[in-house]
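**Student:** From the sequence below, what's the structure:
(2 chains)
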Amino acid sequence: MSLIATPQSLHFQAPLPLQSGARIRGYDLTYETYGQLNAARDNAVLVCHALNASHHVAGVYAGQDKSEGWWDNMIGPGKPVDTDRFFVIGINNLGSCFGSTGPMHVNPDTGRVYGADFPVVTVEDWVDAQARLLDELGIPQLAAVMGGSLGGMQALSWTLQYPERVRHAVVVASAPNLSAENIAFNEVARRAIVTDPDFHGGHFYEHGVLPRRGLRIARMIGHITYLSDDVMNEKFGRELRQAVAENASGYKYSTQDVEFQIESYLRHQGDKFSEYFDANTYLLITRALDYFDPARAFDGNLTRALARAACKFLLVSFSTDWRFAPARSREIVKALLENRRAVSYAEIDAPHGHDAFLLDDPRYMGVVRSYFDGIAQGAAA
Amino acid sequence: MSDTQLLNTVAALVPPGSHVLDLGCGDGQLLQQLARERGCTGYGIEIDDANVLACVRRGVNVLQVNLHQGLAAFADHSFDVVLQINTLQHLRNAEVMLRETVRVGRVGIVAFPNFAHWANRLSVLRGRMPVTARLPYEWYDTPNIRVGTFKDFEVLAGKNGLKLLDAFGFEDGRVVRRWPNLMAGTAVFVLQR
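**Tutor:** Next up is the predicted model:
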């Protein structure tokens, strides 16, 4: 019996001050909850999403096959984050395109669709917005905040912005900031979108078009960086598409046909993505990634930056993840050690690259399950 | 391998309230004991997946890091005590790690199987490598790549200018202070830089 998920929405009239100095008012946050908040209101777990995910973390929508949440293998009844014990919350971030207020919505100040005018939001802004939602839900303190990749950055930021409201942080396949190479990948993706003739400076909604070409390329680049060389070789190798392989001469000697399986796969992923993801959202979220850097206000000293954190930590990284490499997680671990914070760190030897954080690996799942078992015991005590 | 009596003896050497780093902490039993009985804090380092899981189950802070990468991430004297309990024999960089142990810790405690224990000597005299409860492996499958003796370790400590605060053998659940190189299957050293 699958968990049935029901998206909900809350409207916030009071303006949210943003790091940029701008404010956003009259916004909605879309979220889902699973499990029951206990009488002490101390069993809540907030799950933060990464680039292209949403509030739909676990379960399925009634009557919709294959509508599993993006972390359904991790979260649910009897799963590592057990919704029979924890009250789990997934929130769609501001600027995203899955329900919460974003660039495709109307700006109450102008009566026009935001488009490119949607204010630049940061990880810290998202955490502030999430905290307001928790206020509305009557949750003074989280048993845990967790996330992978960009979601892990939000979890880390929670421990710094609201140290008294978090007992545990689970930070998976994440980093204390993006490397130059990572920003570079984001910039290539952004340029692909912005230079698409259908982008219209971000106001493509008014023109009734979508910058699909740019989004496709952005997604293709992303996909390459989420996988490892080994997994890509294992999955696709140099295999040719059926139609090409049947050709007597082997290759088609074309420069523009889809001949290799990897090309076909990337194009398929790009096509799918360009149909449901918003171009302005892609720009906003990759920018939030670029900007995140809690050590920046401390002369780059992460140890001093993390001194504010008061909770216990679990960090997990994956050996073949080169987008958010284990060395980046170790930087966070080191800074926590130097502050003598309680931290455990698992470095999972998995072949799947960055994507591993969404996949089933018994060691990964086992460590997270045991950690949450410990949280549940602590909550009961 | 880490029998409870040896762990009790080591635990007694750790001052209450110490901040402890346990290199090769196994399933975290000693760190849990130190936290519960002596109010210690700290971390274990462990490479084995099953042991990492066991530590998380116990609620012991564990870091899955390969000791062959050294302890460069740790500042001088950032721990009161650094433990190497039955870890040294697995380390390719055993000498470096010994120096690192007393750099990162104010005090280092090292315990390892003493190859010069009479039972081992007897076995070698008979022409065979020892296979005992303490050294249960055959020569071809042993993970113990650094096989040394109590005396060897004294020489190594001296070569590195380390101060021995205490040194004794351990055998049959008891501390052995008389002829430990001959009479004890386990060597225990407490040292300082």
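**Student:** how far away is the nearest residue to A:H168 once chain neighbours are set aside from chain B?
**Tutor:** Spatial nearest neighbour of A:H168, excluding adjacent residues (C-beta to C-beta, 6 or more residues apart in numbering or on different chains): A:A144 at 4.0 Å. The C-beta positions use only the backbone N, C-alpha and C, and glycine is treated the same way. Using C-beta to the nearest C-beta, to the nearest Å, A:A144 is found at 14 Å from chain B.
**Student:** from memory A:A144 sits against A:T159, does it?
**Tutor:** No. A:A144 lies out of contact with A:T159 (C-beta atoms under 8 Å); the separation is 10.6 Å.
**Student:** anything in contact with each of those two?
**Tutor:** Residues touching both A:A144 and A:T159 by C-beta atoms under 8 Å, 6 or more residues apart in numbering or on different chains: A:166, A:169.
**Student:** in the longest helix belonging to chain A, what's buried?
**Tutor:** For chain A, the longest helix by residue count, based on DSSP state H, is helix A:362-380. Using 16 or more other C-beta atoms under 10 Å in any protein chain shown as the test for burial, helix A:362-380 gives A:363-376, A:379.
**Student:** Next up, the contacts around the residue nearest to A:H168.
**Tutor:** Counting by C-beta under 8 Å, 6+ apart, A:A144 makes contact with A:45-46, A:86, A:166-170, A:372, A:375.
**Student:** Strands - which of those land there?
**Tutor:** A:45-46, A:168-170 (DSSP state E).
**Student:** Any of those buried? List them.
**Tutor:** A:45-46, A:168-170.
**Student:** Return the backbone torsion pair for the residue of chain B positioned farthest from its centre.
**Tutor:** Distance to the chain centre peaks in chain B at B:R126, reaching 28.8 Å (criterion: C-alpha atoms, centre = their mean). Note on B:R126: its backbone torsions stand at phi -80, psi -10 [degrees, to the nearest 10].
**Student:** per-residue confidence at it?
**Tutor:** We have a pLDDT of 96 for B:R126.
**Student:** Enumerate every residue touching A:I221.
**Tutor:** With C-beta under 8 Å, 6+ apart, A:I221 has these contacts: A:185, A:188-189, A:192.
**Student:** Go through these and flag which are in helices.
**Tutor:** Among those, the members falling in helices (DSSP H) are A:185, A:188-189, A:192.
**Student:** Nearest to A:S2 among those residues?
**Tutor:** Among these, A:A189 lies closest to A:S2 (C-beta to C-beta), at 33.9 Å.
**Student:** Quick check, that closest one in contact with A:A279.
**Tutor:** No. Using C-beta under 8 Å, A:A189 is not in contact with A:A279; the gap is 10.4 Å.
**Student:** I'd like to know the predicted local confidence at B:A73, please.
**Tutor:** Looking at B:A73, its pLDDT reads 84.
**Student:** Give me the neighbour count for it.
**Tutor:** Other residues lying near B:A73 total 16 when counted by other C-beta atoms under 10 Å in any protein chain shown.
**Student:** cool, A:S179 as well?
**Tutor:** So A:S179, with other C-beta under 10 Å, has 14 neighbours.
**Student:** now the residue nearest to it when sequence neighbours are not counted: how far from chain B?
**Tutor:** Spatial nearest neighbour of A:S179, excluding adjacent residues (C-beta to C-beta, 6+ apart): A:R328 at 7.7 Å. Per C-beta to the nearest C-beta, A:R328 is found 13 Å from chain B.
**Student:** before we move on, which element is A:R328 in?
**Tutor:** For A:R328, the host element (DSSP states H and E) is helix A:326-338.
**Student:** can you give me phi and psi for B:L83?
**Tutor:** Main-chain dihedrals, B:L83, degrees, to the nearest 10: phi -100, psi 140.
**Student:** which residues does the residue most central in space within chain A contact?
**Tutor:** Centroid check for chain A by C-alpha atoms, centre = their mean gives A:A50 as the closest residue, at 0.6 Å. Under the criterion of C-beta under 8 Å, 6+ apart, the neighbours of A:A50 are A:147-151.
**Student:** can you tell me which of the residues you listed lies nearest to chain B?
**Tutor:** Using C-beta to the nearest C-beta, A:G148 comes nearest to chain B of the contacts of A:A50, at 17.3 Å.
**Student:** Quick one: neighbours of that closest one, just the number.
**Tutor:** A:G148 has 29 nearby residues by other C-beta under 10 Å.
**Student:** again with the one 5 residues further on
**Tutor:** Residues near A:M153, counting by other C-beta under 10 Å, number 30.
**Student:** got a pLDDT number for the spatially closest residue to B:N66 that is not a sequence neighbour?
**Tutor:** Excluding the flanking residues, the one nearest B:N66 by C-beta to C-beta, 6+ apart is B:I47, at 5.4 Å. pLDDT recorded at B:I47 is 96.
**Student:** Name the helix or strand for B:I47, please.
**Tutor:** Taking DSSP H and E as the definition, B:I47 sits outside all helices and strands.
**Student:** show me what contacts it?
**Tutor:** Per C-beta under 8 Å, 6+ apart, neighbours of B:I47: B:24, B:64-67.
**Student:** For those, give me a markdown table that also has neighbour count.
**Tutor:** Output for the contacts of B:I47, formatted as a markdown table (neighbours: other C-beta atoms under 10 Å in any protein chain shown):
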| residue | neighbour count |
| --- | --- |
| B:G24 | 22 |
| B:Q64 | 28 |
| B:V65 | 20 |
| B:N66 | 10 |
| B:L67 | 21 |
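**Student:** Now for those residues: which two are most distant?
**Tutor:** B:G24 and B:Q64 (11.9 Å).
**Student:** Near B:Q32, how many residues? Count them for me, please.
**Tutor:** Number of residues near B:Q32 (other C-beta under 10 Å) recorded here: 17.
**Student:** Would you mind measuring from it to A:H354?
**Tutor:** 34 Å (C-beta to C-beta, to the nearest Å).
**Student:** One more: A:Y226?
**Tutor:** 5 Å.
**Student:** How about residue 87: what's its closest non-neighbour residue?
**Tutor:** By default, I'm working from chain A. Of all residues not flanking A:F87 in the chain, A:L37 sits nearest, at 4.2 Å (C-beta to C-beta, 6+ apart).
**Student:** meant chain B, my bad for not saying
**Tutor:** Closest residue in space to B:T87, ignoring its immediate chain neighbours: B:G24 at 3.2 Å, by C-beta to C-beta, 6+ apart.
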